[in-house]
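Engineer: what follows is a predicted structure for the sequence shown.
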Amino acid sequence: MQGSANLNLMIKAARRAGKSLVKDFREVENLQVSTKGPGDFVTKADREAERLIKEELMGARPTYGWLGEETGGEDGADPTRRWIVDPLDGTTNFLHGMPHWAISIALEHKGQITSAVVYDPAKDEMFWAEKGAGAWLNDNRRLRVSGRRSMSEAVFATGVPFGAKKTLPAMLADLARLMPACAGVRRWGAASLDLAYVAAGRYDGYWERELQPWDIAAGLLLVKEAGGMVAPLREDDDILGKGAILCANDPLFEGFAKVIRNT
Ligand code: IPD
Ligand code: CA
Ligand code: CA
């Protein structure tokens, strides 16, 4: 499947940052046993990855706007287009030497995500999607959400808030309602990959609160283009603005949403 010029540019940027992060990840694995730990090193790796992506994307499309986790937002001469980038999603996994992290790049046009890349360099899995052209894994695998229809067979992903986040009680209440009704809940620590895995039919659904636009912008297009349903956690909220998301395959969506929304 052939992508647009912008998509090819996003893939090139993701591969470039991926190479740099993989090199740093090997070093992080070695640093686990040191007493100082890899903290500062990871912060540098993260910033360097964003620098490489920005150089690639803004170098080729200097009029577009920018929103990156490390460098913040910038308006472009073209107010209709914006890159939304998380250079390293799953930082805690990366920091602990666990190979489950990704680079997330989305292109927004007139408020809608039109192209998306989520790249997992450790497994060399390039998930990508374009509005109206489907979701894909690497060069030629078309992605479809799972076909499971029964909640009791479904596996869901989520993120459990850490640190000072306010939504921990709500999350624990969600788990108490959902866990008896399904086959399992996973918390792997990289929101962009949680969404990519829903698109690939690995998870049957996903929900989380208190996310940032760069965590989910690319992943939500992957799920939509793989035929999944994506909605704000509370009906009528703006997903990217509020950062609370709920998604699943079509047959499971209603039942899953009922449990999570507690309606
Ligand atoms: C985090 C991951 C995690 C989610 C957190 C995010 P980061 O992003 O996506 O899965 O639960 O809310 O902040 O910090 O690793 O880029
Ligand atoms: Ca993130
Ligand atoms: Ca990040």
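Structural biologist: That came through, no problem. Ligands and ions are numbered 1, 2, ... in the order given.
Engineer: any idea how far the residue nearest the centre of the chain is from ligand 3?
Structural biologist: Nearest to the geometric centre of the chain sits S192, at 1.3 Å (Cα atoms, centre = their mean). With distances taken as Cβ to the ion, to the nearest Å, S192 is found 9 Å from ligand 3. C-betas here are computed from N, CA, C, even on glycine.
Engineer: can you give me the strands for the stretch 51-200 of the chain?
Structural biologist: Listed in chain order, the strands of the stretch 51-200 of the chain (DSSP state E, counting those that start in this stretch) span 65-68, 72-74, 81-89, 102-109, 112-120, 125-130, 134-137, 141-142, 155-158, 184-186.
Engineer: so which of the ones you listed gets nearest ligand 2?
Structural biologist: Distance to ligand 2, taken as Cβ to the ion, is lowest for strand 81-89 among the strands of the stretch 51-200 of the chain, at 3.8 Å.
Engineer: which neighbours does that closest one have in its sheet, and in what orientation?
Structural biologist: In the sheet, strand 81-89 lines up against strand 65-68 (parallel), strand 102-109 (antiparallel) (DSSP bridges).
Engineer: can you redo these as TSV with distance to ligand 3?
Structural biologist: Shown next, in TSV, are these (distance: least, Cβ to the ion, whole Å):
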stretch	distance to ligand 3
strand 65-68	9
strand 102-109	8
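Engineer: just to revisit the earlier point, redo the strands of the stretch 51-200 of the chain as JSON lines? Include mean pLDDT and mean neighbour count.
Structural biologist: Formatted as JSON lines, the strands of the stretch 51-200 of the chain follow (pLDDT from 0 to 100; neighbours: other Cβ atoms under 10 Å):
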{"stretch": "strand 65-68", "mean pLDDT": "98", "mean neighbour count": "20"}
{"stretch": "strand 72-74", "mean pLDDT": "96", "mean neighbour count": "11"}
{"stretch": "strand 81-89", "mean pLDDT": "98", "mean neighbour count": "27"}
{"stretch": "strand 102-109", "mean pLDDT": "98", "mean neighbour count": "28"}
{"stretch": "strand 112-120", "mean pLDDT": "98", "mean neighbour count": "25"}
{"stretch": "strand 125-130", "mean pLDDT": "98", "mean neighbour count": "25"}
{"stretch": "strand 134-137", "mean pLDDT": "98", "mean neighbour count": "20"}
{"stretch": "strand 141-142", "mean pLDDT": "98", "mean neighbour count": "12"}
{"stretch": "strand 155-158", "mean pLDDT": "98", "mean neighbour count": "23"}
{"stretch": "strand 184-186", "mean pLDDT": "98", "mean neighbour count": "15"}
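Engineer: mind putting those strands in JSON lines, distance to E50 included?
Structural biologist: Listed next are the strands of the stretch 51-200 of the chain as JSON lines, based on distance: least, Cβ to Cβ, whole Å:
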{"stretch": "strand 65-68", "distance to E50": "5"}
{"stretch": "strand 72-74", "distance to E50": "10"}
{"stretch": "strand 81-89", "distance to E50": "4"}
{"stretch": "strand 102-109", "distance to E50": "9"}
{"stretch": "strand 112-120", "distance to E50": "14"}
{"stretch": "strand 125-130", "distance to E50": "19"}
{"stretch": "strand 134-137", "distance to E50": "24"}
{"stretch": "strand 141-142", "distance to E50": "28"}
{"stretch": "strand 155-158", "distance to E50": "25"}
{"stretch": "strand 184-186", "distance to E50": "27"}
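Engineer: in contact with Y119: list those residues for me.
Structural biologist: By Cβ atoms under 8 Å, 6 or more residues apart in numbering, the residues touching Y119 are 11, 14-15, 18, 102-103, 105, 125-127.
Engineer: in the stretch 151-263 of the chain, what residue lies closest to ligand 3?
Structural biologist: Closest residue of the stretch 151-263 of the chain to ligand 3, Cβ to the ion: W214 (7.0 Å).
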